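Asker: Mind looking at a prediction? Sequence and model below.
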Amino acid sequence: MKKVDKSAGKVTLAHGPLANLGMPAMTMVFRVKDAAWLDQMQAGDRIRFIAEQVGGALTVVHFELVQ
C-alpha cells in the first residue's frame with residue numbers, strides 16, 4: 001500500500017494483474033467500500049484485496065492484511 005487518503009476515502013495500491021478487471025500490474029488509486037476500513041490501513045501495509053467496478057469507480061470490496 002502506497003498511500004491512505006482518509007478524507008477522500010481512497011487508497012493507492014501497487015498491485016499485480018487484476019484478471020476480473022482485465023488490468024495489468026500497476027500502481028493506482030481505488031475507492032474503498034467501507035470508509036471505516038481506512039482506520040485499519042497504513043502506508044506500507046501489504047494487503048490482499050478484491051476490486052470491482054462500483055458505480056463507475058474502481059472500488060476495493062474486500063481486503064485482508066498480509067503478515
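Answerer: Yep, it's here. Numbering: from 1, shown residues only.
Asker: Could you give the bridge partners of residue 47?
Answerer: Counting by DSSP bridges, residue 47 is bridged to residue 65.
Asker: pretty sure it contacts residue 63?
Answerer: Yes: using CB atoms under 8 Å, residue 47 and residue 63 qualify as a contacting pair, with a distance of 4.9 Å. To be clear about C-beta, it is placed using only N, CA and C from the backbone, and glycine gets the same treatment.
Asker: Count the residues that sit near residue 6.
Answerer: When neighbours are defined as other CB atoms under 10 Å, residue 6 has 12 of them.
Asker: what's the neighbour count on the closest residue in space to it that isn't next to it in sequence?
Answerer: Counting by CB to CB, 6 or more residues apart in numbering, the nearest residue to residue 6 once its immediate chain neighbours are dropped is residue 38, at 4.8 Å. Residue 38: 17 surrounding residues under other CB under 10 Å.
Asker: what sits against residue 38?
Answerer: 4, 6, 9, 11, 32 (CB atoms under 8 Å, 6 or more residues apart in numbering).
Asker: Skipping adjacent residues, who's closest to residue 44 in space?
Answerer: residue 1 (6.5 Å).
Asker: contacting residues around that neighbour?
Answerer: 11-14, 41-47.
Asker: Okay, and which of those residues map to strands?
Answerer: Judged by DSSP state E, the subset of the contacts of residue 1 located in strands is 11-14, 47.
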